[in-house]
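> My questions concern the predicted model and sequence given below.
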Amino acid sequence: MDQELDILQSLETFFRPPHPLAAGDGLIAAFSGGADSTALLWGLAQLAARRGAWPGIQLVAAHLDHGLDPGSAGRAAAAAATAGRLGVPFVTARREVPALRRPGESVEEAARRVRYAFLEEVRGARGATYIATGHHRDDQAETVLLRILFGSGIEGLAGVRPLIIIHRGAVVRPLLGLPRAALRDAVAAAGLTAVEDPTNAGLETPRNRVRHSLLPALAGDDPDIVPRLAHLATRAQGAGAVLDRRIADAIGLRALADSGAPGAAADRRLLAALPGPLLPVALAALHRRAGAPYPAGEPARAELLRQLIAAAGGHGEVRVDCGGGWRWAVEDGLLTLRRAPERERMADFTYTLEIPGDLEIPELSVRVGLHHRPVEPWMFTGAPHRAGLALPLVAGDRVTVRNRRPGDRLHPLGASGSRRLKEVLVDRSVPRSGRSRLPLLCVGERIAWVPGVTIDHRFRIRTEATAWVATLTSMRPETR
């Protein structure tokens, strides 16, 4: 009973000014059917049913079936049954996440991106004010610990934020102050049954390793490690808010909503006058004002700085893709950040890599590597984000990494001869929007590897004992 009261009190407290619920407001609950989201939906349903609490609130449970395991459809059905028991309208969809992954994107990143896109679709269709998620204090501690491991600054230490403005609504985490145990106890006390996603148990992902291995080990020496980490996030958020206000004044930060393309802008000259260490802070503030879910990574910032310097010398325009479909550009003395149109083809890029080594592609927020390794069995069966290649190269040679060009051809592995790359991508069901985002590994004029699609038959491994291993990894830290 105490846990149930804690949940109701947390929800009532959260939805007071400055982010209150008014009569007729819509509220979308992200509902996986797990214990955390079940506790959230139960609490919201209890308060929505009270006449004096939230009069006329339109509560909807939204569930996305990611199609990642055979039991996903069963969990969707169980979530629908729980929502029905609580008297909450239920909306669901199935999106095949593996088929929707972008180059260099992990399954977890793709699932998160697709999930939030679905929630925003539901919010927009219902005209709702908020999307609520079941994040709690343990999630916060895990996120801060992950960010520490990634070497984040104050932005990363702020962890999961209780409110993020997106387009015409917001994502809110009203239970962020409660421990995981309190949410699970409340679900049991309410007589509800949660269904757990088995992918949350595997140790293949960094968050799961932190959750199941690292954090419990730290808690063995310091039982208060979770509240300590959560407190660190709160303090970092407070410091960040003060810094944001001062940065906003210093760079003339403003919101943009013209031409149906929400975004934000800052005075280019004021931005250039900032001390170097404050530039990442200012660009992160620009992202938040625009409604972007996370700040750009260091490679994208470096490319922006390079283009700004070149443009100041009269050499070209400024136009930098900074991840998640967002783009920086200079317009009339302002550095703007807007969401790039999905239909727009990515600008051409070409990078040179001296081997062995790694290369960062800022436009894609990915890292391409090429290293010499002993031949292993996986190289003969293929892998989405790595490939074993028999390349006529030695240390010190150079290869190029670029996106596709008109007329590109290669000899796909196992095919009878050369084919147009466009035809190969169509046959492999690569979405049109993703074709220009594939970083192609090229040896001379030949395409050697198309990540997630094929290698060139001429570079296949036969009897070699060693091979060049090409890898593609994301540069974005895991977020929730």
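Now that the structure is in, tell me what you want to look at. Numbers count the residues shown, from 1 in each chain.
> Confidence-wise, which helix or strand of the chain is lowest on average?
The weakest-scoring helix or strand in the chain, judged by mean pLDDT, DSSP states H and E, is helix 432-435 (a mean of 74).
> Can you name the next helix or strand after that helix?
Once the chain leaves helix 432-435, the next helix or strand it forms, by DSSP states H and E, is strand 440-443.
> what residues does the following helix or strand past that next one touch?
Downstream of strand 440-443, the next assigned helix or strand under DSSP H and E is strand 446-450. Strand 446-450 is contacted from outside by 387, 389, 391, 399, 408-410, 421, 424-425, 438, 440-442, 455-456, 458-459, 470, using Cβ atoms under 8 Å, 6 or more residues apart in numbering. (C-beta placed from N, C-alpha, C; glycine too.)
> Filter the residues you listed down to the ones in strands?
Using DSSP state E, A387, L389, V399, R409, L410, L440, L441, C442, I455, A470 are the members of these that sit in strands.
> show me what contacts the fifth one?
Spelled out, that is L410. Residues in contact with L410 (Cβ under 8 Å, 6+ apart) are S418, R419, L421, V424, R446, I447, V450, T454, D456.
> give me that answer again for 10 Å
418-421, 424, 440, 442, 446-450, 453-459 (Cβ atoms under 10 Å, 6 or more residues apart in numbering).
> got the buried residues for the helix or strand hosting A29?
Element membership for A29, per DSSP H and E: strand 26-30. Under the neighbour-count criterion of 16 or more other Cβ atoms under 10 Å, strand 26-30 has G26, L27, I28, A29, A30 buried.
> For my notes, confirm E464 occurs in a strand.
No - counting by DSSP: H, G, I helix; E, B strand; the rest coil, E464 falls outside a strand, being coil.
> Find the nearest non-adjacent residue to it, please.
A390 (5.2 Å; Cβ to Cβ, 6 or more residues apart in numbering).
> Could you report the pLDDT at the one you found?
What the model reports as pLDDT for A390 is 92.
> before we move on, what about A128?
So A128 comes in at 91 (pLDDT).
> Use 274 as the first number for this chain going forward.
Sure, I'll start numbering at 274, so the last one becomes A401.
> give me the low-pLDDT residue ranges for this protein?
Where the chain drops to pLDDT under 70, the residues are 274, 324-328, 375-377, 439-441, 530-534, 587-589, 597, 613-620, 706, 748-753.
> Which segments of it make up each domain?
Following automatic domain parsing, one finds the domains of the chain at 275-505, 526-612, 623-747.
> Compute the distance between the residue nearest to I634 when sequence neighbours are not counted and A459, please.
Of all residues not flanking I634 in the chain, P712 sits nearest, at 5.5 Å (Cβ to Cβ, 6+ apart). Applying Cβ to Cβ, to the nearest Å, the value for P712 to A459 is 47 Å.
> Check for me that R434 belongs to a helix.
No - the assignment for R434 by three-state DSSP gives coil, which leaves it out of any helix.
> What about the residue lying closest to it once chain neighbours are set aside, how many residues nearby?
Nearest non-adjacent residue to R434, counting by Cβ to Cβ, 6+ apart: Q510, 6.6 Å away. The local packing of Q510 (other Cβ atoms under 10 Å) involves 17 other residues.
> Repeat that for L581.
Neighbours of L581 (other Cβ under 10 Å): 17.
> Tabulate the buried residues of strand 299-303 in TSV, adding columns for distance to A346.
Listed next are the buried residues of strand 299-303 as TSV, based on distance: Cβ to Cβ, whole Å:
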residue	distance to A346
G299	27
L300	26
I301	22
A302	20
A303	18
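> out of those, who's nearest G316?
Relative to G316, the closest of these is A302; by Cβ to Cβ it sits at 9.5 Å.
> Quick check: phi and psi on the closest residue in space to L664 that isn't next to it in sequence?
Ranked by Cβ to Cβ, 6+ apart and with sequence neighbours excluded, the top spatial neighbour of L664 is W741, at 4.6 Å. Main-chain dihedrals, W741, degrees, to the nearest 10: phi -90, psi 120.
> Verify the stated contact: W741 with G630.
No - W741 is beyond contact range of G630, at 11.5 Å (criterion: Cβ atoms under 10 Å).
> For the stretch 474-623 of the chain, just list every one of the strands.
527-529, 536-540, 592-594, 599-604, 607-612, 623-627 (DSSP state E, counting those that start in this stretch).
> Export these to TSV and append columns for distance to H485 and mean neighbour count.
Output for the strands of the stretch 474-623 of the chain, formatted as TSV (distance: least, Cβ to Cβ, whole Å; neighbours: other Cβ atoms under 10 Å):
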stretch	distance to H485	mean neighbour count
strand 527-529	41	14
strand 536-540	39	22
strand 592-594	35	20
strand 599-604	33	20
strand 607-612	36	21
strand 623-627	36	13
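> before we move on, the earlier item: separate out the buried members of the contacts of L683.
Buried by 16+ other Cβ under 10 Å: 694, 697, 713, 715, 720-723, 726-729, 731-732, out of these.
> Can you list the residue ranges for strands in the stretch 324-473 of the chain?
Along the stretch 324-473 of the chain, counting by DSSP E, counting those that start in this stretch, strands occupy 331-338, 363-367, 403-405, 436-439, 442-445.
> of all those, which lies closest to E590?
With Cβ to Cβ as the measure, strand 436-439 is the member of the strands of the stretch 324-473 of the chain nearest E590 (28.3 Å).
> Sheet-wise, list the partners of that closest one with their directions.
In the sheet, strand 436-439 lines up against strand 442-445 (antiparallel) (DSSP bridges).
> Count the residues that sit near D411.
D411: 21 neighbours (other Cβ under 10 Å).
> contacting residues for the residue nearest to it when sequence neighbours are not counted?
Closest residue in space to D411, ignoring its immediate chain neighbours: R453 at 4.1 Å, by Cβ to Cβ, 6+ apart. By Cβ under 10 Å, 6+ apart, the contact list for R453 reads A308, D309, A312, G407, H409, R410, D411, D412, A414, E415, R484, V499.
> Over to R508?
I427, L430, A431.
> That one and A514: what is the separation?
Taken as Cβ to Cβ, the span from R508 to A514 is 11 Å.
> before we move on, what about A490?
Taken as Cβ to Cβ, the span from A490 to A514 is 33 Å.
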